[in-house]
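**Student:** Next one to model:
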Amino acid sequence: MPTYSLGPGGITTKFRSKSKSQKKKWREEPQQPKEYSTTLVPHDVAAWKAALEAAIDPNTIWTEQDLKQEWLENKYRWYSWNTPIHLTLFLEDYASAELLLNSGANINLYNALGRTALMEAVHNHQYKTVDFLIDHGADLNAPVVDATFQETTYWDTHEKVEVNTLPIYEAIRFADVRMVQKLAEAGADVNCASREGWVPLDIALLDKQGPTIAVLLKHGGHFSSIASHESHFRDELRVMTRKLFCSSTHRELFPSQDLLEVYWWIISTPDIQEILCDRDMDISLTSGRLIKSFFNTLCEVGQVEDLQAKEKPFCSQCVAFQSWACPTYETGSEGHDTAVYGDCSVFQLYSLRDHLEESARLGCPLCSMIADGIDKQESYQRRWLGEKGDTEIEKFNTEVVGAVTLELIRPGSSFYMTVRNPRLLLRHVYVTGLTIYDGAEDTILNTCHYNGRTTETSSPEAFKLAKHWLDKCEGSHTTCKKFCSGEMPLPTRIIDVGDKTRAPFLFRSQGMKGRYCALSYCWGKATANSGFYKTTKANLSSHENAMPLHELPATLRDAIVVARDLGFQYIWIDAICIVQDDGVEWAHEVANMQHVYAGAFFTISTVASSSSDDGLFRLRETRNSTAVCLTYRVPKAFREYAWQAGSTPPQIPDSPMYLVACPNILPAMESSMYGPVHQRAWTLQEQMMSTRILYYGRGMLWWECFDLYASEGYPGPLHLSDYAPWERSETKNAVRGVLTDRWGDTDVFKHWQQLVYDYTGRTMTERRDRLTAIVGLGHAMEPFMKSKFVAGVWPGDRLLESLCWEVRVYEHSMRNPQFPSWSWASVTAFVLYDLAGHLKAYGAMRCIADVVSFDANISDEAQAAVTGSITLKGTVGRLAKPAEWNTDEGILDPYRQDCMADPIDQCWYIDVLESDMWTPTRFVRLLLHQVNIETKTFRRIGIGLGDSEGCSEIIENEVIVLI
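**Tutor:** Modelled structure (predicted):
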C-alpha cells in the first residue's frame with residue numbers, strides 16, 4: 001500500500017449520535033439522534049475515542065456532503081471509505097479500527113460501492129489489512145452488493161467490481177496468488193459458485209493462473225460439476241468452444257452460463273481426468289499440465305489458434321523479460337506491501353546498446369521496436385542540442401551508450417523504456433512509449449508479422465492489412481455501411497484499371513453501377529518542360545484507348561496498382577476523369593465532386609507526397625513498423641473492455657484478445673493527419689466526403705473511416721474522438737449529417753465555420769477557384785443547413801452570421817474581384833469566425849439587422865464568379881476615428897480590416913449582431929466604404945466589435961445595399 005501524504009487538517013466529518021432509550025410513554029416518538037461534527041486526523045486514536053464518547057454511531061454511513069477530503073488523492077474517492085471502519089482500514093490505522101470494533105462497529109458494513117472493508121482491502125492489495133480483518137472475524141465470503149452511489153465520471157478499467165463478486169474472486173481477477181492463499185488458509189470458501197455457476201478453480205484455469213490453481217487444489221478446491229451431454233451441443237461444439245476460448249482472453253471474469261456444459265465436457269476428457277487423478281505428481285506440475293492440456297483441447301475443437309502460445313522469434317532476453325512480467329505479486333524490499341503492477345519495476349534487457357542492436361539485426365521484433373524508439377529519442381535530442389551549438393552535438397555523439405532497461409508500469413496501459421546513461425539528458429528518459437494493449441485476433445493476424453522485415457509499404461503484408469481494414473469496415477461498421485456499401489453509380493468518366501494483359505483506359509460510365517475507389521493527392525507544380533498528366537480534348541480519344549502504366553506519373557501509377565491488388569476494377573482520378581479544357585464539363589463535374597468521393601468505396605491518399613511524381617510507396621523508416629504480439633498475460637482487472645463497435649447493448653466480440661506491444665506512433669500520427677495533401681484546398685472536400693481513406697505514409701499505412709482510425713504500428717482501434725484532432729473528426733461527421741439528430745442545426749453551422757477556417761488556411765494555385773474547390777461541400781451540407789449554398793454564405797436564418805467572417809492577417813490579404821465584398825471568397829487570406837463564435841458560445845448573441853433582400857448571380861455550377869448584392873436594414877453610423885485599426889494577429893478588439901489596400905478614410909458601419917456580455921451593450925458591426933451616396937451602396941472593408949462611443953451620424957432603421 002502506498003504511503004499517503006495527509007494535510008494537517010485531517011478530514012472533517014459529520015456523525016449522528018446513537019438513539020438512546022428514554023423513560024417516555026410508549027406512544028411518544030423516540031428522541032432523534034443529534035448531529036456531531038469533528039475533524040479526524042489519521043492515526044489519531046484520541047480523536048476517535050472522543051467522538052465515540054460523544055455517542056456517535058460507529059456504523060455511520062457518510063454521504064459526499066458529510067465529508068471534506070481535500071487531502072486525499074483524487075483516485076481514492078469518498079465512496080470507497082465512507083464509513084468509519086472503511087476509512088481507518090483504508091489508512092491502515094489499525095488502532096482506531098480496533099477501537100471502533102470494540103465500540104460496536106460492524107466489521108462487515110458496506111460502503112457506497114456495496115463493498116465490505118475486506119473486499120476493499122483485497123481490491124487494493126492491503127495484505128496487512130486483510131490479516132487484521134481475518135483476525136477480527138470478517139466474513140470472508142461477503143459478496144459485493146448493489147452500490148448506493150452511481151459513479152458518472154471515468155473509472156479506471158480495474159476499478160469496477162461486479163455485484164455478487166466474492167473476495168476470493170476479486171483476488172483471482174488481479175491474479176493475486178498471495179491474496180488467494182491468505183483467504184484460502186483463513187477458511188474462505190474455495191468452491192463457492194458464482195451466480196453463473198462457475199467456481200474459483202474454473203476461473204483460474206480459464207485465465208491460465210498456474211500458481212492460483214495450485215493453491216486452490218491444495219485447499220480442497222474442485223472444478224464445477226454439472227451433467228454434460230455432448231448431444232446437447234454437438235452441432236455447435238466448434239462455436240461454443242471458440243466462444244469459451246474468446247471469453248477466457250477478455251476482461252470479464254465470468255463467462256456466460258451457457259458455456260458451462262461445453263467447459264465441463266472438456267474437463268471430463270480422458271487426458272485431463274488422468275492429470276487430475278495423478279496423486280503422485282507435484283501440484284505445481286499438475287497445474288502446468290492441466291492448463292496445457294485444457295487449452296490444447298479447447299483450441300483443437302474450436303479450430304482457433306492460440307496466438308499467445310504460438311512460438312515467436314523473440315531473443316532469449318525478451319523471452320526472459322516476458323517471463324519476469326508474468327502477473328505475480330511480491331513483497332517490497334522495505335517490508336511494505338507492494339505489487340509489481342502497483343509501482344514501476346525495472347528489467348535490464350541488455351547491458352550494452354550494441355547487444356540490443358545485434359538482437360534487432362537478427363530479427364527479434366521487440367528488440368527492433370525498442371531500438372527504433374531509442375533512435376527516435378536520440379534524434380529528438382540531437383535536434384534540441386543543435387539549437388545550443390555544434391559543441392553540444394559533438395559531445396553527445398561521442399558519449400558511450402550504456403545499459404538498456406525496460407520499466408514496466410501497470411500492464412494493460414503501457415510500459416516505458418529508459419536508458420540509464422549520461423548520454424541521454426535525463427537518467428529516466430521517456431524513450432519509446434511502447435504501448436501494451438489488448439488486440440483482437442483478426443487484427444493481430446493481419447498486422448503482427450514475424451517473417452522478417454517488410455522493407456516497403458507496397459509489401460504483400462501491407463496489402464493484406466489494407467484488405468483487412470476494407471473487409472472489416474464493410475462487414476461491421478454500421479455508420480460506414482450507411483454512407484457507402486455495395487455498388488454505387490459510377491462517375492461520368494472513370495478508369496478501368498485493366499490487368500496484366502490490358503493497360504488502364506478511360507471510359508464513359510453511361511449510368512453503370514459498380515464499386516470504385518478514388519484518389520486524393522497533390523498535383524504538384526507544372527514545369528515548362530513537363531506539364532500535368534491530364535485529359536484534354538486533344539488526348540481524350542487516346543486515353544479511352546489505353547494509358548500504359550509506365551507513362552503515368554508515379555502517384556497515379558501506384559494508385560492503379562493499389563486498386564488492382566485490392567480487387568477494384570475502377571478508379572476515379574480527377575486529372576484524368578475530367579476533361580480539363582472543357583469549361584462546361586469541368587464546371588459540372590467540379591460542382592458534383594462531393595458525390596464522386598461520397599460514392600467511392602474507399603479513397604487512396606498519401607501524406608508523404610507533394611506532387612503526382614512522388615508516388616505512394618515508401619521504404620520503411622524503422623526496423624519494425626508493426627505491432628508485436630506478446631506471450632504473457634496480464635490480470636483480467638487490467639485488461640481493456642472489448643465491446644463491439646456500434647453494438648447496442650454492448651456485445652463482447654467473437655474474437656480472442658491478446659497482449660500487443662506497439663511502437664510510439666504519435667509523431668507519425670501527426671504526419672498522417674497533416675501531410676502535404678492536407679495543405680491543399682482542393683483536397684478538403686475529398687477528405688470530408690470520403691467514407692474510408694487508406695493513407696500511404698512515411699513508411700507506414702494508415703486507415704481512417706467513421707468508426708476506426710488505425711495504423712500498421714497500432715492496429716487499433718485508435719478512436720477518432722480520442723486520438724485525431726477533434727475538429728477534423730467531428731466536422732467530417734457533421735458534413736455527412738451524423739450529428740444533426742444529436743445537436744441540431746446550430747452545431748452544423750459551427751462545423752461549417754470550422755470548415756471555412758480549415759479550407760482558407762490551405763494553399764490554392766488559382767484565386768478564381770476560391771469557391772469552386774469547396775462548392776461540393778456546401779451542396780452536401782444544404783439539407784442539414786436548410787438553405788442553399790451561394791457565394792460562401794447561407795441565405796435565410798444564417799445569413800447574418802455567415803457575413804460575420806474576419807481575416808486573420810489582413811496585411812497578407814488581397815481582394816478577389818470575382819466575388820462581392822460581403823463574401824469571404826472576395827479575400828485571399830485566412831478566414832475565421834472567432835468573433836461571432838465567441839459570442840454564441842456564451843449564448844449572448846442576437847441578430848439585430850434585417851435582411852431585406854438577397855440577390856446573387858452565379859456564373860456556373862462551380863460558382864467560379866458571383867455578382868450580386870444584399871440589402872440590409874439596421875443601425876448605420878460613421879466611425880469618428882477610422883485610423884484606430886488593430887494590427888495584432890488574433891486580437892479582435894476593436895476592429896479588423898479585410899485588406900491592407902481597402903480605403904478607410906471614410907469608414908461607415910452597420911450593426912448586425914448584439915451582445916450584452918458587456919456594459920454598455922456592444923455590437924458586431926460590418927465596416928463599410930461608401931460607393932454611392934444616393935443609392936446608399938457600400939462595400940465591406942472589415943468587421944469589429946464596438947459601442948456607440950466614437951461614432952457619429954447614427955441612423956436607425958436605415959436601408960443599405962452591400963455589393
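**Student:** Could you list the low-pLDDT ranges of the stretch 351-500 of the chain?
**Tutor:** Across the stretch 351-500 of the chain, the ranges flagged by pLDDT under 70 are 384-402, 407-440, 442-443, 446-454.
**Student:** Which parts of it are helices?
**Tutor:** Ranges of helices within the stretch 351-500 of the chain are 353-361, 365-386, 390-398, 441-447, 460-476, 478-483, based on DSSP state H, counting those that start in this stretch.
**Student:** Mind putting these into JSON lines with distance to residue 812?
**Tutor:** C-beta here means a position set from N, CA and C on the backbone, and glycine is covered the same way. Written out in JSON lines, the entries for the helices of the stretch 351-500 of the chain read as follows (distance: least, Cβ to Cβ, whole Å):
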{"stretch": "helix 353-361", "distance to residue 812": "48"}
{"stretch": "helix 365-386", "distance to residue 812": "29"}
{"stretch": "helix 390-398", "distance to residue 812": "36"}
{"stretch": "helix 441-447", "distance to residue 812": "44"}
{"stretch": "helix 460-476", "distance to residue 812": "40"}
{"stretch": "helix 478-483", "distance to residue 812": "37"}
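**Student:** Nearest to residue 854, out of the ones you listed?
**Tutor:** With respect to residue 854, and counting by Cβ to Cβ, the nearest of those is helix 478-483 at 31.9 Å.
**Student:** export the closest one as PDB, just CAs?
**Tutor:** The C-alpha atoms that make up helix 478-483 are tabulated as PDB, following Å, rounded to 0.1, in the frame of the first residue of the first chain:
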ATOM      1  CA  THR A 478     -22.700   0.500 -39.200                       C
ATOM      2  CA  THR A 479     -22.100   4.100 -39.900                       C
ATOM      3  CA  CYS A 480     -19.800   3.500 -42.800                       C
ATOM      4  CA  LYS A 481     -22.200   1.000 -44.400                       C
ATOM      5  CA  LYS A 482     -24.900   3.600 -44.100                       C
ATOM      6  CA  PHE A 483     -23.000   6.000 -46.300                       C
END
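**Student:** Under the pLDDT cut-off, which ranges of the stretch 201-350 of the chain? List them.
**Tutor:** By pLDDT under 70, the weakly predicted segments of the stretch 201-350 of the chain are 226-235, 279, 311, 326-345.
**Student:** cool, and the stretch 51-200 of the chain?
**Tutor:** Judged by pLDDT under 70, the stretch 51-200 of the chain has its weakly predicted residues at 68-76, 150-159.
**Student:** can we see that at 80?
**Tutor:** 55, 64-77, 149-160 (pLDDT under 80).
**Student:** how about the helices in the stretch 701-850 of the chain?
**Tutor:** In the stretch 701-850 of the chain, the helices defined using DSSP H, counting those that start in this stretch lie at 720-723, 726-735, 740-743, 745-760, 775-785, 799-802, 834-841.
**Student:** Please identify the most buried of those.
**Tutor:** helix 799-802 (a mean of 23; mean count of other Cβ atoms under 10 Å).
**Student:** Where is the longest strand in this protein?
**Tutor:** When secondary structure is assigned using DSSP state E, the longest strand within the chain turns out to be strand 866-879.
**Student:** what sits up against the helix or strand following it?
**Tutor:** Reading on from strand 866-879 to the C-terminus, the next helix or strand found by DSSP states H and E is strand 895-897. With Cβ atoms under 8 Å, 6 or more residues apart in numbering as the test, strand 895-897 has contacts from 806-807, 810, 879, 884-886, 904, 927, 941-946.
**Student:** Let me know the closest of those residues to residue 48.
**Tutor:** Ranked by distance to residue 48 (Cβ to Cβ), the contacts of strand 895-897 are led by residue 945 at 60.3 Å.
**Student:** What pairs with the helix or strand in which that closest one is found, parallel or antiparallel?
**Tutor:** Following DSSP H and E, one finds residue 945 within strand 937-946. The strands beside strand 937-946 in its sheet (DSSP bridges) come out as strand 895-897 (antiparallel), strand 922-932 (antiparallel), strand 951-962 (parallel).
**Student:** among those, which is the most enclosed?
**Tutor:** Among the strands paired with strand 937-946, the stretch with the highest mean neighbour count (mean count of other Cβ under 10 Å) is strand 895-897, at a mean of 23.
**Student:** which strands and helices sit next to the helix or strand just after that one?
**Tutor:** The C-terminal neighbour of strand 895-897 among helices and strands, as given by DSSP H and E, is strand 907-915. Applying 3 or more Cβ pairs under 8 Å, 6 or more residues apart in numbering; DSSP states H and E, one finds that strand 907-915 contacts helix 799-802, helix 834-841, strand 845-847, strand 866-879, strand 922-932, strand 937-946, strand 951-962.
**Student:** And residue 86, its phi and psi?
**Tutor:** For residue 86, the backbone dihedrals are phi -70, psi -40 (criterion: degrees, to the nearest 10).
**Student:** What residue spans form the domains of this structure?
**Tutor:** With automatic domain parsing serving as the domain definition, the record reports that the chain contains domains spanning 11-189, 316-433, 460-624+672-719, 788-962.
**Student:** To residue 736, which of those domains lies closest?
**Tutor:** Using Cβ to Cβ and comparing these, the one that lies nearest residue 736 is domain 460-624+672-719, at 6.1 Å.
**Student:** Send over stretch 808-824 as CSV, restricted to the C-alpha atoms.
**Tutor:** Extracted C-alpha coordinates of stretch 808-824, given in CSV (Å, rounded to 0.1, in the frame of the first residue of the first chain):
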residue,chain,number,x,y,z
ARG,A,808,-6.7,36.6,-39.6
VAL,A,809,-3.8,38.6,-41.0
TYR,A,810,-5.1,41.4,-43.2
GLU,A,811,-1.7,42.6,-44.3
HIS,A,812,-1.4,39.4,-46.4
SER,A,813,-4.9,39.7,-47.8
MET,A,814,-5.8,40.7,-51.3
ARG,A,815,-9.1,41.4,-53.0
ASN,A,816,-10.6,38.8,-55.3
PRO,A,817,-12.7,40.8,-57.8
GLN,A,818,-14.7,37.8,-59.0
PHE,A,819,-16.8,37.9,-55.8
PRO,A,820,-18.8,40.6,-53.9
SER,A,821,-17.2,42.1,-50.9
TRP,A,822,-19.7,40.5,-48.4
SER,A,823,-18.4,37.0,-49.3
TRP,A,824,-15.2,35.7,-47.7
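**Student:** List the buried residues in that stretch.
**Tutor:** 808, 810, 813, 815, 816, 818, 819, 820, 821, 822, 823, 824 (16 or more other Cβ atoms under 10 Å).
**Student:** tell me the contacts of the residue nearest to the third one when sequence neighbours are not counted?
**Tutor:** Once flanking residues are discounted, residue 813 sits nearest to residue 829: 3.5 Å by Cβ to Cβ, 6 or more residues apart in numbering. Contact analysis of residue 829 by Cβ under 8 Å, 6+ apart lists 760, 807, 808, 809, 810, 812, 813, 814, 899.
**Student:** Mind doing that once more with 7 Å?
**Tutor:** Residue 829 makes contact with 807, 808, 809, 810, 812, 813, according to Cβ atoms under 7 Å, 6 or more residues apart in numbering.
**Student:** and residue 587, what element?
**Tutor:** In the assignment (DSSP H and E), residue 587 maps to helix 583-591.
**Student:** Now do the buried residues in that helix.
**Tutor:** For helix 583-591, a neighbour-count test (16+ other Cβ under 10 Å) marks 586, 587, 589, 590, 591 as buried.
**Student:** How about the third one, nearest residue that isn't a chain neighbour?
**Tutor:** Spatial nearest neighbour of residue 589, chain neighbours left out: residue 578 (4.7 Å); criterion: Cβ to Cβ, 6+ apart.
**Student:** Then the last one?
**Tutor:** Distances taken as Cβ to Cβ, 6+ apart put residue 861 closest to residue 591, at 3.6 Å, once the chain neighbours are dropped.
**Student:** Could I get the phi/psi values of that neighbour?
**Tutor:** Backbone phi and psi, for residue 861 under degrees, to the nearest 10, turn out to be phi -60, psi -30.
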